[in-house]
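Student: Sequence and predicted model, in that order:
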Amino acid sequence: MNRVRIKFCGMTRSEDAMLAARLGVDALGFVFTRKSRRFVDPAAATGMIRRLPPLISSVALFMDDEPAWIRQVISMVRPSLLQFHGEESATDCEGYGLPFLKGVPMASVTDVASYAAGFAGAAGFLLDAHARGEAGGQGVRFDWTRDPGLDRPWLLAGGIDAGNVGEAIRLLRPHAVDVSSGIESSPGIKDAGRMRAFVSAVQATNTQ
Ligand SMILES: O=C(O)c1ccccc1N[C@@H]1O[C@H](COP(=O)(O)O)[C@@H](O)[C@H]1O
């Protein structure tokens with residue numbers, strides 16, 4: 001069975017990013033929408049990313065942001081992937097020439113496969129619990145008995161932590177898990193013990 005990948009999102013401190021790298025996390029998310037409590041300045045994110053060892057993906061998260069801002073962040077940060085978490089169209093998402101993930105607001109989307117079909121160019125999808133127009137990163141989960149019915153890579157997000165990620169993986173078998181609140185002491189401030197526990201819990205499912 002494939003190893004479930006891990007993305008830590010909402011990184012704002014270099015020491016957290018470096019610990020994530022040592023723990024073997026696959027991707028780090030940096031939130032560049034000012035709607036978020038985890039907004040990080042692009043110059044600070046660039047510094048964090050430059051210190052990372054090779055082969056860790058950096059993901060730049062936006063939510064209905066101005067194209068000029070997105071282009072400015074891309075030229076400074078040079079992320080591996082973009083993540084769009086708002087009402088962006090497929091054309092919007094494809095306009096930057098980078099692979100992208102599209103967030104799926106599970107509280108508003110009943111047919112996930114149809115939603116995904118509208119984004120043929122997406123590298124993958126990020127299923128999060130919130131409704132359309134709401135920010136993610138709220139620590140809220142959706143109904144994990146819902147089968148998304150996707151035949152493309154997708155990440156499970158929303159309300160996962162070390163205590164429940166094992167159950168989530170067994171039920172849904174996502175390509176990756178994406179966590180923010182569940183490894184924090186406060187928004188944007190990651191907790192070393194919670195990061196370690198989360199990675200251990202995911203790794204335990206990879207041997208089952
Ligand atoms: O994290 C945020 O502040 C955020 C803001 C706007 C859109 C998306 C956001 N976060 C994404 O939501 C998931 C789930 O977060 P949580 O674990 O429930 O707190 C997070 O990983 C981001 O991809």
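Tutor: Cool, the structure landed.
Student: Could you report the neighbour count for the closest residue to the ligand within the chain?
Tutor: Nearest residue of the chain to the ligand: G137, at 2.2 Å (C-beta to the nearest ligand atom). Where you see a C-beta, it was placed from the backbone N, CA and C, and this is true even at glycine. The criterion is other C-beta atoms under 10 Å. On that basis, G137 has 26 neighbouring residues.
Student: for the longest helix anywhere in the chain, packing partners?
Tutor: Scanning the chain for the longest helix, with DSSP state H as the assignment, gives helix 192-206. Using 3 or more C-beta pairs under 8 Å, 6 or more residues apart in numbering; DSSP states H and E, the elements in contact with helix 192-206 are strand 5-8, helix 14-23, helix 165-172.
Student: winner for burial among these?
Tutor: Neighbour counts (mean count of other C-beta atoms under 10 Å) averaged over each of the helices and strands packed on helix 192-206 peak at strand 5-8, with a mean of 23.
Student: What residues sit buried inside stretch 179-186?
Tutor: When neighbours are counted by 16 or more other C-beta atoms under 10 Å, the buried residues of stretch 179-186 are found to be V179, S180, S181, G182, I183, E184.
Student: before we move on, back to that, contact partners of the longest helix of the chain?
Tutor: By C-beta atoms under 8 Å, 6 or more residues apart in numbering, the list of residues contacting helix 192-206 from outside reads 1, 3-4, 6, 8, 16, 19-20, 23-25, 161-163, 165-166, 169-170, 177, 179, 182-185.
Student: Does that helix reach the ligand?
Tutor: No - using C-beta under 6 Å from any ligand atom, no contact is recorded between helix 192-206 and the ligand, whose separation bottoms out at 10.1 Å.
Student: now do stretch 90-104
Tutor: No - using C-beta under 6 Å from any ligand atom, stretch 90-104 never reaches the ligand; the gap is at least 6.6 Å.
Student: Stretch 16-25 too?
Tutor: No - using C-beta under 6 Å from any ligand atom, stretch 16-25 never reaches the ligand; the gap is at least 12.2 Å.
Student: can you put the helices and strands packed on helix 192-206 in a markdown table and add mean pLDDT?
Tutor: Compiled in a markdown table, these are given as follows (pLDDT from 0 to 100):
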| stretch | mean pLDDT |
| --- | --- |
| strand 5-8 | 98 |
| helix 14-23 | 98 |
| helix 165-172 | 96 |
